[in-house]
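In: only geometry, no sequence info:
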DNA sequence: GACATTTCGATGCAACGGCATCAAACGGGC
DNA sequence: GCCCGTTTGATGCCGTTGCATCGAAATGTC
């Protein structure tokens, strides 16, 4: 067995991290597209709004880790698609309040089966429950 | 303590996987940019060419998991930057042979310190050697 | 209260990626 | 040798992202 230096281990972990997440993300994206559904980014925003209720863009941004300009345009598209409403924020004339529409709620629900299936297919087949817990714990430290 | 169902564990792992890799990747990208260096994608191609010697685009594509059209354009840019040469492939008039230039080798070497530092900073601070091995093993199964 | 600083969100522009398609060349079957 | 399906790589089109910057409103300073 080859001697494995700490640095080499780090690189191996890096490599696996990038390729595993790229593969998994790509799979989920394709599955959603295959179902004629919106992209993952929309799901995250819709789900966040469902959890939090009407929210300021700025707060969405920090909660989801999206770039400001990116979120701005995502919200434009989602509003145009009728999934959210963007209204002036009460008490701050600069800002806005983003809220789910009924259609937005429905759309998020419609996305879930395809999305959940993709997630399960990526993660569950070869990791038992304990391994998943351990994996989440390690990744949590990296993040 | 809340009961944690298997499905919830899967979702937690998914969440951590995406956010950890996004954070780590973003950090590495920013560090490279901060040094006035080419993007990660270029590094991967340069490193692959250094390992493999002159290579057909098709082979790079499957080795690195890049889309065909994407690789085609990356190679154009890298050739224009003088980091690789693209010549007709001997024995196959459809194809090409991509080779590193001296400048390409130098550039890859110049990228490494910044890239390696970003990797270490993302992975090593809170995972010891054993944890990194375990992490790589789990991610390998997902990929 | 006037002025500088900070925060919020939009946007022009260029680079990049995804998709579909194309032309050229290869190779197998007959 | 000829045709047909396959492989290789490029590209037009469009949607998205990154970057820099802007204007407007809020907040802090004096």
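Out: Yep, it's here. Note that the structure is a prediction, hence the values are computed from the model and not measured.

In: Name the nearest residue to the residue nearest the centre of chain A, sequence neighbours excluded.
Out: In chain A, the residue lying closest to the centroid (CA atoms, centre = their mean) is residue A:44, at 4.5 Å. Closest residue to residue A:44 apart from its sequence neighbours, by CB to CB, 6 or more residues apart in numbering or on different chains: residue A:64 at 5.7 Å. Every C-beta, even on glycine, is put in place using the N, C-alpha and C of the backbone.

In: can you count the residues close to that neighbour?
Out: Other residues lying near residue A:64 total 16 when counted by other CB atoms under 10 Å in any protein chain shown.

In: I'd like to know how far residue A:64 sits from DNA strand D.
Out: 12 Å (CB to the nearest atom of the strand, to the nearest Å).

In: which stretches of chain A have low pLDDT?
Out: Residues of chain A that meet the criterion pLDDT under 70 lie in A:1-4.

In: all strands of it, in order?
Out: With strands called from DSSP state E, chain A shows them at A:84-88, A:96-100.

In: Now these in JSON lines, please, with extra columns for distance to residue B:29 and mean neighbour count.
Out: Listed next are the strands of chain A as JSON lines, based on distance: least, CB to CB, whole Å; neighbours: other CB atoms under 10 Å in any protein chain shown:
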{"stretch": "strand A:84-88", "distance to residue B:29": "29", "mean neighbour count": "15"}
{"stretch": "strand A:96-100", "distance to residue B:29": "28", "mean neighbour count": "19"}
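
In: unless I'm mixing things up, the residue nearest to the centre of chain A is touching residue A:63, no?
Out: No: counting by CB atoms under 8 Å, residue A:44 does not reach residue A:63; the two are 9.4 Å apart.

In: Next up, phi/psi of residue A:67, please.
Out: Phi and psi for residue A:67, reported as degrees, to the nearest 10, are phi -70, psi 150.

In: residue contacts, the nearest residue in space to it that is not next to it in sequence?
Out: Among residues not flanking residue A:67 along the chain, residue A:61 sits closest, at 7.7 Å (CB to CB, 6+ apart). Shown in contact with residue A:61 (CB atoms under 8 Å, 6 or more residues apart in numbering or on different chains): A:67, A:68, A:71.

In: Considering only these, which also neighbour DNA strand C?
Out: Residues of these in contact with DNA strand C (CB under 7 Å from any atom of the strand): residue A:68.

In: Distance of the closest residue to DNA strand D within chain A relative to residue A:59?
Out: Across chain A, no residue is closer to DNA strand D than residue A:93, which sits at 3.4 Å (CB to the nearest atom of the strand). Remark: distance between residue A:93 and residue A:59 (CB to CB, to the nearest Å) = 17 Å.

In: Same check on residue A:23?
Out: 32 Å.

In: what do you get for residue A:24?
Out: Counting by CB to CB - residue A:24 and residue A:59 are separated by 28 Å.

In: Give me the more crowded residue out of these two.
Out: residue A:24 (22 against 13).

In: Near the nearest residue to the more buried one once chain neighbours are set aside, how many other residues are there?
Out: Computed as CB to CB, 6+ apart, the closest residue to residue A:24 that is not its neighbour in sequence is residue A:122, at 4.0 Å. The number of residues packed near residue A:122 is 25, by other CB under 10 Å.
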